Structures are given as structure tokens and as C-alpha cells.
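S.K.: pasted the sequence and its predicted model underneath.
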Amino acid sequence: MRKNITLEEAESLIIINRTNLEVELEQQPDIYMRVADVSVEKISIRDFLKEEKDRVWAEQFLKAKLNYSEGKPPSDKVAETIADASSEFKEVTKKFLEAKKEAEIWWSKRESFQSRTDCLKELSRIKSSGLYSQTEVRGKMAEDKYEMIKKEMRKEE
């Protein structure tokens, strides 16, 4: 069984360590699955609370329509207003909105880790083709040449 991942941990793991691509490639599937598992869990909670919110609203609506004391029952519009204003409906709506926000955050993290997978593939391709190491060598050569010119200029002063 995989260990759950926290939001903070997921955010810290999104950055790719280019100097250690082999480890990054080995860890990516596990990290992605951990993030995806939490994402699915948060979406399920959101969906459950959406249904709960609808159920509570329907109960409050029916309660307003059936529990009248004088004359005829309230109109549908009045019953809707009573249902919308009930404390039970407001409470479950607040929980639903919090769960919705959390589900969207985790969905975004899941998408980020999918993009990370694509980046790792591309970095691996570049490294295996030799372009990555050639760029590093050229960069080092340019730094060495720069240092040499700096030394020569100091000598001339």
C-alpha cells in the first residue's frame, strides 16, 4: 500500500533534479500514483457532499411545503427561499465548497505531475542523445575562456 502524500510534499516533489535524472525517473510513477490517489479521493468526497447538499435542500423544501400552520401551503418560491436559508443547507454547502476547492487543487497537482512525466521523458531523450552533455561542456569551455581573458586583463593593468 502506498503512503499518502501531503500537498506540501507534492509541491516540493514537482521540481525535477536534472543532475539525478535516473532517480527522478524511478520515483515518478510512484509519486504520480500517490498524487492521483489523493485526487480521486478528494473528488469522491466532493461528489458525495454535492449529493448530500442536494438531499438536504430537498428535505428543507419538503419540510417548508408540508409543515404549514395556517391556510394554504407556501408557494414553491417561498419554500425554495426557506430551503436556501436553512442553517442545515448553509452548513452542508460550506462543506461542499471547501471539498470542491480541495478537489480542484489536487486535480491541478495531478495534471502538473502528468506534465512532469512529459518533461522527464524529454530531458531523458536530450541526455541520451548527448546534447545535454555537449551543452554542459560548451558552457564549461566558455567559462574557462572567460576566466582566462579576465586573468590576462588583470596582468595588463
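M.R.: Perfect, I can see it now.

S.K.: please make it C-alpha for all contacts and neighbour counts, starting now.
M.R.: Will do.

S.K.: let me see the mean pLDDT of the strand or helix carrying Y32.
M.R.: Taking DSSP states H and E as the criterion, Y32 maps to helix 21-66. For helix 21-66, mean pLDDT is 94.

S.K.: which strands or helices does it pack on?
M.R.: Taking 3 or more Cα pairs under 8 Å, 6 or more residues apart in numbering; DSSP states H and E as contact, the helices and strands that helix 21-66 lies on are helix 76-85, helix 87-129.

S.K.: can you tell which of these is closest to K50?
M.R.: For the helices and strands packed on helix 21-66, proximity to K50 was assessed by Cα to Cα; helix 87-129 is nearest, at 6.1 Å.

S.K.: and that closest one, what does it pack onto?
M.R.: When contacts are defined as 3+ Cα pairs under 8 Å, 6+ apart, helix 87-129 sits against helix 7-13, helix 21-66.

S.K.: can you tell me which of those is most buried?
M.R.: Mean neighbours per residue, mean count of other Cα atoms under 10 Å, is largest over those for helix 21-66, with a mean of 17.

S.K.: which one of the helices and strands packed on helix 21-66 lies nearest to S69?
M.R.: Evaluated over these, closeness to S69 peaks at helix 76-85, with 13.9 Å, by Cα to Cα.

S.K.: what's the closest one in contact with?
M.R.: Applying Cα atoms under 8 Å, 6 or more residues apart in numbering, the contact partners of helix 76-85 are W57, A58, E59, Q60, F61, L62, A64, K65, F89, K90.
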